[in-house]
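Novice: below is the structure, and that's it, no one-letter string:
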Ligand code: GEK
């Protein structure tokens, strides 16, 4: 299948509008995320590996903020425990519509996947063994994040995991600048112009709010997780796994 190139911020914009996951973004999303998030492909593949190890017989696995369903597709290839299913949630109708089409093309259906168009804050989480928040918590207003993580913890079985991937911030300004510059170099190397990088940055400013790794570890502990480990980091992008 041809991958459509992201050129949404290529031309100068008169007025900056906050970033939205609409039809325009959906059409270029696989290209956009691969060229913008260092390690995205590796993270997706390893979400499959983690799910394969931690899924429990007769439990639900959740992907909250699933976009086109890349993580559920990786998870369903790796889960061999019987009677599991995957519930994938996104509140963008355009994402879910396209995600369902891609899911139907998955020729080796193993674990059933249900894609739901809903606010992840309103979806019940119960009898869960694996919950994924892959670059989604960063779009939830910070004051609401602890309640969400607590609810996920409450819905997980003992021995279950939360996989949490985020763009991260640094408390030390020199470190912040170091990683930000490397991330911009990564985007430039992937063909984005300086104008695209700066316009996208402005569009995301008010809707995507990164936090430090220390804040994430602290919140996971406060929500009741027994441990949280950093299993991946490239520049200012990281993924943690928290164990109940
Ligand atoms: C991937 N996980 O490809 N409820 C449901 N969905 C939401 C909400 C919400 N309240 N807020 C944002 N979203 C994916 C990538 S993208 C990350 C995740 C990025 C959804 C939003 O519609 C979008 O699809 C997704 O979260 C964030 O592994 O583009 O930087």
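Specialist: That came in fine, so what should we check first? No experiment lies behind these values; they were computed from the predicted model shown.
Novice: element containing residue 203?
Specialist: Residue 203 belongs to helix 194-204 when elements are defined using DSSP states H and E.
Novice: show me which residues of this protein sit near the ligand.
Specialist: Listed as neighbours of the ligand in the chain under the rule Cβ under 6 Å from any ligand atom: 21, 33, 65-67, 70-71, 89-92, 95, 119-121, 134-136, 139. Placement of C-beta: from N, CA and C, glycine included.
Novice: just give me the neighbour total for the residue in the chain positioned nearest to the ligand.
Specialist: The ligand sits closest to residue 65 of the chain, with a gap of 3.1 Å, by Cβ to the nearest ligand atom. Burial measure for residue 65: 22 neighbouring residues, criterion other Cβ atoms under 10 Å.
Novice: can I assume it is in contact with residue 90?
Specialist: Yes: because the distance of 6.0 Å satisfies Cβ atoms under 8 Å, residue 65 is recorded as touching residue 90.
Novice: joint contacts of those two?
Specialist: residue 120 (Cβ atoms under 8 Å, 6 or more residues apart in numbering).
Novice: about what we covered before: so which bits of the helix holding residue 203 are buried?
Specialist: 196, 199, 200, 201, 203, 204 (16 or more other Cβ atoms under 10 Å).
Novice: over to stretch 76-92?
Specialist: So, applying 16+ other Cβ under 10 Å, buried residues of stretch 76-92: 76-79, 81, 84, 86-92.
Novice: what's the worst-scoring helix or strand of the chain on mean pLDDT packed up against?
Specialist: Here the helix or strand of the chain ranked lowest by mean pLDDT, DSSP states H and E is helix 194-204, holding a mean of 77. With contacts taken as 3 or more Cβ pairs under 8 Å, 6 or more residues apart in numbering; DSSP states H and E, helix 194-204 sits against helix 173-189.
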